[in-house]
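*Asks:* need coordinates for the below:
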Amino acid sequence: MDIEVRRQRLADALSARGCWPVDSPWVREAMSALPRDLFAPDRLWVWDGEDYAPVDRATASERWVRAVFAGPYDSAVTQVVDGLPASSLSCVSVVADMLDALMAEPGHRILELGTGSGWNAALLAARAGAGHVTSVEVDARLADAARERLKAAGAGVDVRVCDGAGGWPGGAPYDRLIATYAVDEVPWPWVEQTRPGGRLVLPWGRLGHIALTVAGDGRSASGWFQGLGMFMPSRGTGQGKPFHEVRGDGQPDTQDTPSLEPHLLRDGNLLFALRVLLPDVRISTETSGTGTRAWIHDGRSSWATLTPATDSGTAATAYRGGPRRLDDELTRAWQHWQAAGAPGLYDFGMTRTPTEQYIWTGDKDTGPRWRPLASLVPHSS
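*Replies:* Modelled structure (predicted):
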């Protein structure tokens, strides 16, 4: 299929799902002028059910194009390290949402953490202007390739190679700062390098992104969560083992009726609250005509699989392994969330100071603070 047709199909799909930001029409204009295929490397990686397999533009051009333009909610993996994705072209809907949340204006000085392919930096430059965007990338090879693509696009982005955790003090203060990879704790240098009243947009905890505004005295930054989305973690962050490695090939340790119905885990608001309350627990679900299945693990040694009840009378079942009863922990967190009034994603906010970071609901000064719950790992007597 012609690549122009794929581009238009994706744009139409974003329109049909209401993904184009109404308050930032420049985002759609920039994405039309700078389509993501111009910034995709010639080799992408696609999950084949067991591993990430390479898809090369030269030998599998149609599959390559499909991977680039898979859909509004699909990313394209551009680098795999030790069998795990390390860089990607983020899904278009999330890129558009984060750029909208950034509230960038022409002439703003912008720092981007995580250059990757260079596409997001090019979009930022289309808004702020050439010479106004600095982008930092820890991987020198990715930085070199992105630098060439940005040069070819005439974007005028200054690409630097260093660890993004320290920002780039040489260009500070910035009006806007945006990160393309997830952090669990916002690095304080990011706040320090953004001017008072400036705005930071970044993924937190791989499941959502937040917009923070720096206080007038520069000693804190606070703001609201803006949306859901899965993100690559920062380099050097222990990702833990994937589910199939934690699960292994052995028989489950226990098997009985789950304490939490798996269909409840389809609620994005609950999933976000679970991420706050049980930060090391990872959840994936799949819904079909037979109901919702859930796969849960802690990246180390405990796992659970929840299967739904069937029309034939088979009860819902929890299969577990490892020292933790993860579905019981999820039930406890779910009950905690319900008791707090079941706040939605957009009811949560974050504050970062030089000494701490905390999540709250309702009001940054008076609202309750949310902290991780202790796990239900059994202890020997």
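
*Asks:* surely A333 is in a helix?
*Replies:* Yes: following the definition DSSP: H, G, I helix; E, B strand; the rest coil, A333 is counted among the residues of a helix.

*Asks:* for it, what are its contacts?
*Replies:* For A333, the set of contacting residues under the criterion of Cβ atoms under 8 Å, 6 or more residues apart in numbering consists of 273-274, 277-278, 373. For every residue, glycine as well, the C-beta is placed using N, CA and C.

*Asks:* could you rerun that using 10 Å?
*Replies:* Neighbour list for A333: 260, 270, 273-278, 281, 372-373 [criterion: Cβ atoms under 10 Å, 6 or more residues apart in numbering].

*Asks:* check L277 too.
*Replies:* Contact analysis of L277 by Cβ under 10 Å, 6+ apart lists 329-330, 332-334, 336-337, 359, 370-373.

*Asks:* got the CA positions of the helix or strand of the chain with the lowest mean pLDDT in PDB?
*Replies:* Ranked by mean pLDDT, DSSP states H and E, the weakest helix or strand in the chain is strand 84-89, scoring a mean of 84. What follows is strand 84-89 as a C-alpha-only set of coordinates in PDB (Å, rounded to 0.1, in the frame of the first residue of the first chain):
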ATOM      1  CA  LEU A  84      13.600  -5.800  25.500                       C
ATOM      2  CA  PRO A  85      12.500  -2.600  23.800                       C
ATOM      3  CA  ALA A  86      14.800   0.300  24.500                       C
ATOM      4  CA  SER A  87      13.500   3.000  22.200                       C
ATOM      5  CA  SER A  88      10.400   3.500  20.100                       C
ATOM      6  CA  LEU A  89       8.400   5.900  18.000                       C
END
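
*Asks:* packing partners for the longest strand along the chain?
*Replies:* In the chain, ranked by residue count with DSSP state E as the criterion, the top strand is strand 194-204. With contacts defined as 3 or more Cβ pairs under 10 Å, 6 or more residues apart in numbering; DSSP states H and E, strand 194-204 has these neighbours: helix 92-102, strand 110-113, strand 174-179, helix 188-192, strand 208-214, strand 221-228, helix 268-277, strand 348-352.

*Asks:* can you list the strands that the shortest one pairs with?
*Replies:* This points to strand 110-113. strand 133-137 (parallel), strand 174-179 (parallel) (DSSP bridges).

*Asks:* so where do the helices sit in the stretch 251-381 of the chain?
*Replies:* With DSSP state H, counting those that start in this stretch, the ranges of helices along the stretch 251-381 of the chain come out as 268-277, 326-339.

*Asks:* out of those, deepest packed?
*Replies:* The highest mean neighbour count among these, using mean count of other Cβ atoms under 10 Å, belongs to helix 268-277: a mean of 20.

*Asks:* how far off strand 348-352 does that one point, in degrees?
*Replies:* Between the axis of helix 268-277 and that of strand 348-352 there is an angle of 30 degrees, by axes from the mean of the first three to the mean of the last three Cα atoms, to 10 degrees.
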